[in-house]
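K.L.:
Sequence plus the predicted model coming up.
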Amino acid sequence: MIENTKCECGHNNPIGTVLCEHCGRPLDETTNSNDKLDKEMRYEGKARRSLTYQKSIIDQVWNFFSSVKIAIILIIITFIMSAIGTIFPQEQFIPSSSPDTYYEETYGTLGKWFHQLGLSTMYSSWWFATLLSMIGISLVICSLDRVIPLYRALKNQKVSKSTVFIERQRISVTEEVSQEEASFKMDELANKLSKKRYHVRKEKDALLAEKGRFSRWGPYINHIGLIIFLVGILLRYLPGWNLDDYVWVQEGQTVRVPQTQYYVKNEGSTVEYYKETEKSQKGPIVSKYQTKAVLYKKDSNGKLVPLMNKSILVNDPLDFEGLKLYQSDFRAGDLTGIQFAIIDRKSKKNLGEFSVDLSNITANHIYRAGGLRVKIKDYFPDFAIENNVPVTKSQDPNQPAFLFETIDEGKEKGENSLVISGMDFPNPESNKYNIQLAGFETVNTAGLMVRIEKSLPIYLIGGVVSMLGLVMGFYWQHRRVWVRVQDGKLHIGAHTNKNWFAIRRELSQVGFSRLVKETEEK
């Protein structure tokens, strides 16, 4: 950092200034390389806070987030973690109410660790929100650290620059001229550059021609767009602002829409297939999934009041005040109930039947059939045996098993029977009764994606602003030409923030091909 900030021209510059604000002379005379000059000209040699103040904790935090390298590292980490989060489905999209067992059973050890490390709820986790916040803070501080000194420098540009400043430019030339010739050449250059849409200013023996200054704000406008976009993402963490969930609804069932005050009823789910004459390949091909849905809301008395009826199709959701229900999946023949028959083991006579609703099973519930009472003592929705002990692998009725107690009329205790779907389990020979499967009750089930996205307009605004900044920065350049007459010499220098070929071509077109040739020989 340069401590002595007083220039030879007598101007006192702020601490950290590299090029004199008044004349452009380098305050550090030991640096004369073009690479060094290009770095200086990025911010017109103005002092940046991150390179000037480094003492307090605030300075250190500012310097940390003002680093472009830190911003890139944060973005890379976020991208990597976002990609890892898509290896397996997030919790709200799995067809199970027990994620602990679902991930391990479906995806093995990797799935188990995926869930235990919190990656199954990654996009709603505090640490992912922290990463996004750090990227936003970095964008804000990076922009402020650079745009403020740049704005001050470009707003107060001086026409008359030191000949040292002009000669240090990548494109520059000096020639001896008379006073009359110098005045003629300056006027000629001013006219020709004006025709090239340069904004020309003159002060006595100096000239500054400039165009495309607005392009310097392109990267910062792009940053503003990205910040707006990030704000939209972070607003998703506010309750009620965003919802991305999933709900399974069986035919005839009314369930609450997750995280809302609404309820949805499935009045019928159907699937249609293409006809044989319409298909190009063998096997059934689905042409349409459809769910007839009714949206409800409870009134002050707790009664469900219908709000909307809609036949939900793929890409044609139920849409009510920002809440959208999309047809996302379909399951045919979901098991909802099982019918059992009580058989007398001696006579093989069917003594009666009873039906068990799998969605409403309570311990010690008693069913009556053929003058007998049947009590459910235990229920295993997804039966398995571990260490010679019956367990359930999940709460989904994949292989339901029941431990029944069959009690004769007038008695307090009865006999126990274990009935397992899909298995012929031997019960004690002393049992008088045998409980057998008599039938199944199935329904179609619709998988509905639940979406609330209030940030969508913010995303659109951020995207438009960001694209505007990209266009400004990519398709235009900030070009400047300085002319200074001093001691019988004409000094001409030019600079652009990019596309040096274009500015050389422009100077050649206005009659300064010699300037371009001499510059290329440097």
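P.N.:
Cool, got the structure. Fair warning: this is a prediction, and the values are worked out from it, not measured in the lab.

K.L.:
Which residues are in contact with the closest residue to residue 105 other than its chain neighbours?
P.N.:
Nearest non-adjacent residue to residue 105, counting by Cβ to Cβ, 6 or more residues apart in numbering: residue 393, 6.3 Å away. For glycine as for every other residue, the C-beta is placed from the backbone atoms N, C-alpha and C. Contact analysis of residue 393 by Cβ atoms under 8 Å, 6 or more residues apart in numbering lists 101, 105, 382-384.

K.L.:
do residue 192 as well
P.N.:
Residue 192 makes contact with 510-511 under the criterion Cβ under 8 Å, 6+ apart.

K.L.:
Identify those among the contacts of residue 393 that sit within strands.
P.N.:
Using DSSP state E, the members of these that fall within strands are 383-384.

K.L.:
Helix or strand: which one has the closest residue to residue 157 other than its chain neighbours?
P.N.:
The shortest distance from residue 157 to any non-neighbouring residue, by Cβ to Cβ, 6+ apart, is to residue 208 (6.9 Å). Assessed by DSSP states H and E, residue 208 sits inside strand 206-211.

K.L.:
hmm, who's touching stretch 358-365?
P.N.:
250, 253, 335-338, 375-379, 381, 397, 400.

K.L.:
try it again with 10 Å
P.N.:
With contacts defined as Cβ atoms under 10 Å, 6 or more residues apart in numbering, stretch 358-365 is touched by 250, 253, 334-338, 356-357, 374-379, 381, 396-397, 400, 402, 405, 440-441.

K.L.:
thought residue 172 was touching residue 507?
P.N.:
No. Proximity of residue 172 to residue 507 does not meet the contact threshold set by Cβ atoms under 10 Å, at 11.1 Å.

K.L.:
Those two: which is more packed in?
P.N.:
Legend: neighbour count by other Cβ atoms under 10 Å for residue 172 and residue 507, higher for residue 507 (25 against 20).

K.L.:
and the longest helix along the chain, what other elements does it pack with?
P.N.:
When the chain is parsed with DSSP state H, its longest helix is helix 126-155. Contact here means 3 or more Cβ pairs under 10 Å, 6 or more residues apart in numbering; DSSP states H and E; on that basis helix 126-155 packs against helix 34-42, helix 49-52, helix 57-65, helix 68-84, helix 218-235.

K.L.:
Please repeat the previous calculation with a cut-off of 6 Å.
P.N.:
When contacts are defined as 3 or more Cβ pairs under 6 Å, 6 or more residues apart in numbering; DSSP states H and E, helix 126-155 packs onto helix 57-65, helix 68-84, helix 218-235.

K.L.:
Tell me which of those helices sits most buried.
P.N.:
Mean neighbours per residue, mean count of other Cβ atoms under 10 Å, is largest over those for helix 218-235, with a mean of 19.

K.L.:
If I take the next helix or strand after that one and helix 218-235, what angle do their directions form?
P.N.:
Going down the chain from helix 218-235, the next helix or strand is strand 242-250, by DSSP H and E. Strand 242-250 runs at 40 degrees relative to helix 218-235, counting by axes from the mean of the first three to the mean of the last three Cα atoms, to 10 degrees.

K.L.:
Would you mind extracting the C-alpha trace of strand 242-250 into CSV?
P.N.:
Extracted as CSV, the C-alpha positions of strand 242-250 are listed here (Å, rounded to 0.1, in the frame of the first residue of the first chain):
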residue,chain,number,x,y,z
ASN,A,242,-42.6,-21.8,-0.7
LEU,A,243,-43.8,-25.3,-0.6
ASP,A,244,-42.5,-28.3,-2.5
ASP,A,245,-44.1,-31.4,-1.1
TYR,A,246,-45.9,-34.6,-2.0
VAL,A,247,-49.1,-36.3,-1.0
TRP,A,248,-50.6,-39.7,-1.8
VAL,A,249,-54.4,-39.7,-1.9
GLN,A,250,-56.4,-42.9,-2.3
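
K.L.:
residues touching residue 207, list them.
P.N.:
186, 483 (Cβ atoms under 6 Å, 6 or more residues apart in numbering).

K.L.:
you'd agree residue 378 is up against residue 402?
P.N.:
No. Under the criterion of Cβ atoms under 6 Å, residue 378 is not in contact with residue 402, lying 7.4 Å apart.

K.L.:
neighbour count winner among those two?
P.N.:
Using other Cβ under 10 Å as the criterion, residue 378 and residue 402 rank with residue 402 on top: 21 against 14.

K.L.:
Stretch 273-290 spans what distance, first to last residue?
P.N.:
End-to-end distance for stretch 273-290: 12 Å, by Cα to Cα, to the nearest Å.

K.L.:
what mean pLDDT would you report for it?
P.N.:
Stretch 273-290 shows a mean pLDDT of 75.

K.L.:
With stretch 107-119 instead?
P.N.:
91.

K.L.:
Could you give me the buried positions within it?
P.N.:
Residues 107, 111, 114-115, 119 are the ones in stretch 107-119 that count as buried (16 or more other Cβ atoms under 10 Å).

K.L.:
now swap in stretch 436-443 and tell me
P.N.:
Of all the residues in stretch 436-443, those buried under the rule 16+ other Cβ under 10 Å are residue 443.

K.L.:
Out of the buried residues of stretch 107-119, list just those in helices.
P.N.:
Using DSSP H, the buried residues of stretch 107-119 in helices are 107, 111, 114-115.

K.L.:
Mean pLDDT and distance to residue 298 for the helices and strands packed on helix 126-155 - can I get that in CSV?
P.N.:
As requested, those are arranged in CSV below (pLDDT from 0 to 100; distance: least, Cβ to Cβ, whole Å):
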stretch, mean pLDDT, distance to residue 298
helix 57-65, 88, 47
helix 68-84, 93, 38
helix 218-235, 93, 28
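
K.L.:
For those, give me TSV that also has distance to residue 149.
P.N.:
TSV is the format used below for those (distance: least, Cβ to Cβ, whole Å):
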stretch	distance to residue 149
helix 57-65	14
helix 68-84	16
helix 218-235	12
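
K.L.:
quick one: low-confidence parts of the stretch 301-450 of the chain?
P.N.:
Residue ranges of the stretch 301-450 of the chain with pLDDT under 70: none are present.

K.L.:
could you pull out the strands for it?
P.N.:
Counting by DSSP state E, counting those that start in this stretch, the stretch 301-450 of the chain has strands at residues 304-313, 318-320, 323-344, 350-357, 366-369, 372-380, 383-386, 389-392, 401-407, 415-420, 433-453.

K.L.:
List the strands paired with the third one, with their directions.
P.N.:
Applying DSSP bridges, strand 323-344 is found paired with strand 318-320 (antiparallel), strand 350-357 (antiparallel), strand 433-453 (antiparallel).

K.L.:
Which positions within it qualify as buried?
P.N.:
By 16+ other Cβ under 10 Å, the buried positions in strand 323-344 come out as 323-328, 330-331, 334-338, 340-343.

K.L.:
Tell me the secondary structure at residue 17.
P.N.:
Following DSSP: H, G, I helix; E, B strand; the rest coil, we place residue 17 in the coil state.

K.L.:
Near it, how many other residues are there?
P.N.:
Counted with other Cβ under 10 Å, residues neighbouring residue 17 total 23.

K.L.:
Over to residue 56?
P.N.:
Per other Cβ under 10 Å, the neighbour tally for residue 56 reads 9.

K.L.:
how about the nearest residue to the residue nearest the centre of the chain, chain neighbours excluded?
P.N.:
Nearest to the geometric centre of the chain sits residue 233, at 6.5 Å (Cα atoms, centre = their mean). The shortest distance from residue 233 to any residue other than its chain neighbours is 5.9 Å, reached at residue 132 (Cβ to Cβ, 6+ apart).
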